[in-house]
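Engineer: next come a sequence and a model predicted from it.
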Amino acid sequence: MEKLMITGGRPLQGTVSISGAKNSAIALIPAAILAESEVILDNLPLLSDVAVYSEILEELGATVAWEGSQMRIDPSSIKSIPMPNGPVKKLRASYYMMGAMLGRFKEAIIGLPGGCNFEPRPIDQHIKGFEALGATVTNEHGAIHLHAKELRGTKIYLDVSSVGATINIMLAAARAKGATIIENAAKEPEIIDVATLLNSMGAIIKGAGTETIRIEGVSELHGCRHSIIPDRIQAGTYMIAAAATRGNVLIDNVIPKHMEALTAKMQEMGIGIEEYDESIRVLGSSSYEHVDVKALVYPGFATDLQSPMTSLLTQAQGVSVLSDFVYSNRFKHVPELVRMGAKIRVEGRSAIIEGGKLNAAKVKAADLRAGAALVIAGLTVSEGVTEVSGVEYIDRGYDHLVSNLRLLGADVWRQTE
Ligand code: EPU
């Protein structure tokens, strides 16, 4: 087990380049099994979750060649193999194997997902979608069994606009008979990315990025080459770290439009933001205004940036209120920040944050974004060494974190526990 050691207090300076989006990658890799020939994914992030997904595909008999930021997936010889255990259990997003296997084989057995459990995360909307398409879905001893004689297009209204359910239904419906319409679909950029890949594979999907997506089923999909969109959550984390350390950082390889909710909030705090075509510069200063933040579905403020934002708000003057309307209880970072001297209390689905100085402490990341929040907090503390354990969570979503931060001038290193 490793931990991150941080001596903070240095303003981050320089340029950081953002890799491809984790939450796209882990949907695009299973999507590839719907094709009959090779799919090439470029701009792939180097993350443990991506490695687990390549293991899952190899277990099915696909040939996976992963070199640098490119993965070549040849799914032509994959077989329908039950996966009640094994790597599927390591990853919450292995739920995409349900939609992809159902689309390709009309059957699947997938162990219930693991991953970041900051609160119970149901998959009832995924299952409702599969059933509407004509599948029988049962939970047997902790594995989801799916089976359909044929998948038929239909209209599905999602009770909550779930990213996972929207993508999973697109995967299953891409090769169904007839048209599927998803209403109240999620609008996150990762959904557009998956639809773009599927369309390049020969699917007919319209409306991705709006609340109504129409999928015209086709009988066969083929290989293609696709470049993954930049990771907006990684980008946002570096933007927040730059501001928290009162630094000056150019965040490169981003789509500024994806960052709008964050940039607007940062500007409201008095943080300097310069936007370019594919990059954003963050110019920190000595004093920030308090703000209220509401995490919502896209294009609202991303829930995945809620924990990092908590750390930034400890650096603002006065009292900020940060509420999460996507997950009601995603506050595992709060007790750890309090150990570092933060004045935060949680009331219902809100954290009430009073600005003030933080101190070095030994803290533990309980999930991926909580870990990012603690790293940012540590970067603001100049006296003493902040130790962040639970690095394995952080490695699920941030590639080259230590080397990137060091390039920006931070004093951060990994140490074996
Ligand atoms: N929900 C249901 N039923 C469902 C599905 C979701 O009630 O069947 C609820 C959830 O409990 C939650 C809300 O709907 O309150 C939204 O959940 P969603 O399904 O959109 O989340 P997800 O697909 O499981 C993805 C990301 C998360 C990110 C959320 C929200 C992946 C693999 N994960 O999760 O990313 O927080 O969307 O944007 O894409 C992360 O990267 O740290 C992370 C957790």
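Structural biologist: Ah, there it is.
Engineer: so what's the closest residue to residue 64 other than its chain neighbours up against?
Structural biologist: Distances taken as Cβ to Cβ, 6 or more residues apart in numbering place residue 54 nearest to residue 64, at 4.6 Å, with adjacent residues excluded. Every residue, glycine included, has its C-beta placed from N, CA and C. Residue 54 sits next to 29, 64, 66, 71 when contact means Cβ atoms under 8 Å, 6 or more residues apart in numbering.
Engineer: and the two most separated of the residues you listed?
Structural biologist: Put simply, by Cβ to Cβ the two of the contacts of residue 54 set farthest apart are 29 and 66, 9.9 Å from each other.
Engineer: now do the shared contacts for the two.
Structural biologist: Contacts common to residue 29 and residue 66, judged by Cβ under 8 Å, 6+ apart, are 50, 54.
Engineer: higher neighbour count, those two?
Structural biologist: A direct count of neighbours by other Cβ atoms under 10 Å for residue 29 and residue 66 places residue 29 higher, at 28 against 16.
Engineer: check which helix or strand covers that one.
Structural biologist: Using DSSP states H and E, residue 29 sits within helix 22-31.
Engineer: ok, residues contacting that helix?
Structural biologist: Outside helix 22-31, the residues touching it (Cβ under 8 Å, 6+ apart) are 39, 41, 44-45, 47, 49-50, 53-54, 56-57, 71, 73, 91, 93, 96-97, 99-100, 163, 167, 171, 188-190, 193-194, 197-198, 201, 226, 228-229, 231, 233-234, 396-397.
Engineer: just the buried positions in the next helix or strand after it, please.
Structural biologist: Using DSSP H and E, the helix or strand that follows helix 22-31 in sequence is strand 39-42. Neighbour-count burial for strand 39-42, counted by 16 or more other Cβ atoms under 10 Å, picks out 39, 40, 41.
Engineer: do the same with stretch 403-411
Structural biologist: Neighbour count says stretch 403-411 has 404, 405, 408, 410, 411 buried, by 16+ other Cβ under 10 Å.
Engineer: surely residue 260 is within a helix?
Structural biologist: Yes: assigned with DSSP: H, G, I helix; E, B strand; the rest coil, residue 260 falls within a helix.
Engineer: tell me which element the closest residue in space to it that isn't next to it in sequence is part of?
Structural biologist: Spatial nearest neighbour of residue 260, excluding adjacent residues (Cβ to Cβ, 6+ apart): residue 299 at 6.6 Å. Secondary structure from DSSP H and E places residue 299 outside every helix and strand.
Engineer: how far away is residue 299 from the ligand?
Structural biologist: 12 Å (Cβ to the nearest ligand atom, to the nearest Å).
Engineer: low-confidence regions, the protein specifically.
Structural biologist: Applying pLDDT under 70 to the chain picks out residues 113-120.
Engineer: which SS state does the residue of the chain most remote from its centre fall under?
Structural biologist: What lies farthest from the middle of the chain is residue 149; by Cα atoms, centre = their mean that is 33.3 Å. What three-state DSSP gives for residue 149 is coil.
Engineer: doesn't the residue nearest to residue 64 fall inside a helix?
Structural biologist: Yes: assessed by three-state DSSP, residue 54 belongs to a helix.
Engineer: who's in contact with residue 79?
Structural biologist: 60, 61.
Engineer: could you do residue 267 as well?
Structural biologist: Here residue 267 is in contact with residue 273 (Cβ under 8 Å, 6+ apart).
Engineer: all the strands of the stretch 1-150 of the chain, residue numbers only.
Structural biologist: 2-7, 13-17, 39-42, 63-67, 70-74, 107-111, 136-140, 143-147 (DSSP state E, counting those that start in this stretch).
Engineer: from residue 49, how far off is the closest residue in space to residue 402 that isn't next to it in sequence?
Structural biologist: Among residues not flanking residue 402 along the chain, residue 412 sits closest, at 5.4 Å (Cβ to Cβ, 6+ apart). As for residue 412, its distance to residue 49 is 22 Å (criterion: Cβ to Cβ, to the nearest Å).
Engineer: cool, residue 96 as well?
Structural biologist: 11 Å.
Engineer: of the two, which one has the most company?
Structural biologist: Per other Cβ under 10 Å, whichever of residue 96 and residue 49 has more neighbours is residue 96, with 27 against 23.
Engineer: from memory the more buried one sits against residue 172, does it?
Structural biologist: No: between residue 96 and residue 172 there is no contact under Cβ atoms under 8 Å: 10.1 Å.
Engineer: what parts of the stretch 151-300 of the chain come near the ligand?
Structural biologist: 160, 162, 163, 164, 165, 186, 233 (Cβ under 6 Å from any ligand atom).
Engineer: recalculate using a threshold of 5 Å.
Structural biologist: 160, 162, 163, 164, 165 (Cβ under 5 Å from any ligand atom).
Engineer: surely residue 323 is in contact with residue 350?
Structural biologist: Yes: assessed by Cβ under 8 Å, residue 323 is found in contact with residue 350 at 4.2 Å.
Engineer: so who does residue 148 touch?
Structural biologist: 102, 106, 107, 130, 133, 134, 135, 136.
Engineer: my guess is the fifth one contacts residue 155. True?
Structural biologist: The one in question is residue 133. No: using Cβ under 8 Å, residue 133 is not in contact with residue 155, being 10.8 Å away.
Engineer: convert the C-alpha atoms of stretch 295-304 to PDB, please.
Structural biologist: Provided in PDB are the C-alpha atoms of stretch 295-304 (Å, rounded to 0.1, in the frame of the first residue of the first chain):
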ATOM      1  CA  ALA A 295     -24.000  20.000  -7.600                       C
ATOM      2  CA  LEU A 296     -26.500  18.900 -10.300                       C
ATOM      3  CA  VAL A 297     -26.700  16.800 -13.400                       C
ATOM      4  CA  TYR A 298     -24.900  18.200 -16.500                       C
ATOM      5  CA  PRO A 299     -24.700  21.100 -17.400                       C
ATOM      6  CA  GLY A 300     -24.900  21.900 -13.700                       C
ATOM      7  CA  PHE A 301     -21.900  21.800 -11.400                       C
ATOM      8  CA  ALA A 302     -20.500  18.300 -11.500                       C
ATOM      9  CA  THR A 303     -21.000  16.100  -8.300                       C
ATOM     10  CA  ASP A 304     -17.500  14.700  -9.000                       C
END
